[in-house]
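Q: Coordinates for the following, if possible.
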Amino acid sequence: MGYSDKHKLKTTNLQLPVRLLLGPGPSNLHPRVNQQLISSMVGYTDASYYKVMDETMELMRYLFQTDNHFTIPISGAGTAAMETCVSNLIEPGDRVVCLVSGFFSDRIYQMAVRYGGNILKVDKQWGQWFGLEEIESALIQHKPSLLTLVFGETSTGVKQQMEGVGQLCKKYNCLLMVDCVAALGGVPVFVDDWKIDACYTGTQKCLSGPPGISPLTFSNAACHKIATRKTPVANWYLDCNLLGGYWCPEFNLADGTISKEEKSTIPRRYHHTTPANLLYSLREALVLLVEEGLDNVWKRHQDAAILLYAGLESLGLKPFVPQLNEQPEKGGRLFSLTTVNIPDGVDGKMVMKYLLDNFNIEIAGGIGAFAGKVWRIGLMGQNANPGNIKLLISSLSDALKVNGFNC
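A: Residues are numbered from 1 along each chain as shown. Here you go, the predicted structure:
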């Protein structure tokens with residue numbers, strides 16, 4: 001047995017192309033967020049790091065519009081935050097209803113069935129959202145302890161109606177879990193007012209941050225469920241009983257009380273080494289959100305989307321979701337992510353390739369049931385601005401003409 005050079009790859013310094021990322025995510029990093037990726041590394045027990053942790057949690061409460069004390073970032077992409085909710089809120093014997101009308105709502109279901117509960121899938125055609133009567137019917141029929149749904153479905157560009165959903169869940173003694181990965185920070189979300197018990201997002205979409213760290217918030221009711229489980233959480237890495245000991249040791253998950261002791265005097269229990277520079281970048285993304293003001297951020301995304309719709313119409317293209325509803329709690333088109341019908345006779349992949357090769361613009365095709373049928377255009381974070389939209393419409397016009405579409 002000797003030393004081997006078999007896998008000693010000879011390569012050069014990494015130089016990636018600069019793209020304008022107008023797909024469903026990731027979006028381009030804000031320069032200030034990018035700068036934090038090279039900030040000084042400190043240890044995970046450093047007092048200065050604890051300060052960053054606490055500030056980030058408070059800024060996330062602003063993002064979620066919640067007073068939930070248990071509001072922490074998960075070390076992992078948005079799917080890790082999804083699994084944090086699923087693994088902590090489901091145990092063997094629990095009855096769960098998953099509302100499924102797209103790729104990522106189905107992912108929640110696929111994940112949930114692995115955790116031993118009685119998981120019931122309520123299907124709806126992709127591109128539609130669930131009405132209150134349908135939701136109440138499922139709650140009455142199945143009597144679940146948890147209802148899951150996606151607020152902004154990345155695969156379809158649909159915004160799920162939230163008006164009255166949380167109230168129904170409270171009426172039937174059911175926790176409500178909501179995926180906001182494609183929406184939070186781009187369209188209005190009100191965790192407390194909508195009576196959401198578990199909510200999460202990713203940083204790489206409307207926050208213009210790097211993937212790999214994911215904001216999550218739990219209501220006191222969700223925390224009580226986690227703390228009083230009959231069985232241990234089946235995922236050690238994502239066990240919030242353990243994570244809470246590091247992020248918020250002053251908080252009692254079982255009864256929702258907060259210690260009156262000074263937090264700096266309460267020992268934090270090490271769980272895992274968190275991705276420090278990703279945390280710095282998340283904090284900076286949230287600081288930028290505060291500086292602009294959440295209401296202004298929401299309006300900027302909506303204005304950008306409406307400008308995009310007008311540009312698409314000028315090319316003879318139509319969004320897949322016909323309903324445009326500006327009320328945040330109503331169902332309809334998602335402002336941060338637009339699905340566009342690919343015209344008959346047009347090769348959608350060739351159009352995407354032309355945009356990438358000639359203009360360094362990335363848009364995405366459909367996935368799952370929508371593969372080959374739609375393009376997905378994301379106007380997220382700093383990319384939601386008029387200049388990017390004008391460039392996209394002009395470039396898309398060229399790409400369509402080259403591919404034989406008269407626009």
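
Q: got the contact list for the residue sitting nearest the centre point of the chain?
A: In the chain, the C-alpha nearest the mean C-alpha coordinate belongs to residue 181, at 1.1 Å (CA atoms, centre = their mean). Residue 181 sits next to 25, 78, 81, 82, 104, 152, 154, 200, 201, 202, 205 when contact means CB atoms under 8 Å, 6 or more residues apart in numbering. In this view, the C-beta of every residue, glycine as well, is placed from N, C-alpha and C.

Q: try residue 278
A: Here residue 278 is in contact with 37, 75, 203, 209, 210, 212, 213 (CB under 8 Å, 6+ apart).

Q: Now for the first one: which residues touch it?
A: With contacts taken as CB under 8 Å, 6+ apart, residue 37 has the following neighbours: 210, 277, 278, 280, 281.

Q: In three-state terms, how would the fourth one be classified?
A: Looking back up the chat, that one is residue 280. In three-state terms, and counting by DSSP: H, G, I helix; E, B strand; the rest coil, residue 280 is helix.

Q: again, but for residue 9
A: Here residue 9 is recorded as coil under three-state DSSP.

Q: circling back: could you check how many residues crowd around the residue nearest to the residue nearest to the centre of the chain when sequence neighbours are not counted?
A: Nearest non-adjacent residue to residue 181, counting by CB to CB, 6 or more residues apart in numbering: residue 78, 4.4 Å away. Using other CB atoms under 10 Å, residue 78 is surrounded by 28 other residues.

Q: do residue 241 as well
A: Neighbours of residue 241 under the rule other CB under 10 Å: 15.

Q: need the helix or strand of the chain with the lowest average pLDDT.
A: Lowest mean confidence among the helices and strands of the chain (mean pLDDT, DSSP states H and E): strand 332-333, at a mean of 94.

Q: That one pairs with which strands, and in what direction?
A: According to DSSP bridges, strand 332-333 has the following sheet partners: strand 158-159 (antiparallel).

Q: moving C-terminal of the strand it pairs with, what's the next helix or strand?
A: Counting by DSSP states H and E, the next helix or strand C-terminal to strand 158-159 is helix 165-171.

Q: follow-up on the earlier one: so which of the contacts of residue 181 is surrounded by the most neighbours?
A: Greatest neighbour count in the contacts of residue 181, by other CB under 10 Å, goes to residue 202: 31 neighbours.

Q: wait, isn't that one in contact with residue 214?
A: Yes. Residue 202 is within contact range of residue 214, at 5.3 Å (criterion: CB atoms under 8 Å).

Q: got any residues that touch both of these two?
A: Jointly contacting residue 202 and residue 214 under the rule CB under 8 Å, 6+ apart are 77, 78, 81.

Q: Which members of those are positioned in helices?
A: Among the shared contacts of residue 202 and residue 214, the members falling in helices (DSSP state H) are 78, 81.

Q: Using JSON lines, lay out the shared contacts of residue 202 and residue 214 together with pLDDT and distance to residue 313.
A: Formatted as JSON lines, the shared contacts of residue 202 and residue 214 follow (pLDDT from 0 to 100; distance: CB to CB, whole Å):
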{"residue": "77", "pLDDT": "95", "distance to residue 313": "34"}
{"residue": "78", "pLDDT": "96", "distance to residue 313": "32"}
{"residue": "81", "pLDDT": "98", "distance to residue 313": "36"}
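
Q: Including distance to residue 19, could the shared contacts of residue 202 and residue 214 go into a markdown table?
A: Below are the shared contacts of residue 202 and residue 214 laid out as a markdown table (distance: CB to CB, whole Å):
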| residue | distance to residue 19 |
| --- | --- |
| 77 | 19 |
| 78 | 21 |
| 81 | 25 |
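
Q: Just name the closest of the shared contacts of residue 202 and residue 214 to residue 309, please.
A: residue 78 (26.3 Å; CB to CB).

Q: shouldn't the closest one be in contact with residue 201?
A: Yes. Counting by CB under 8 Å, residue 78 touches residue 201, with 6.5 Å between them.

Q: Show me the helices in the stretch 1-150 of the chain, by range?
A: Using DSSP state H, counting those that start in this stretch, the helices of the stretch 1-150 of the chain run over 31-36, 47-64, 78-89, 103-112, 132-142.
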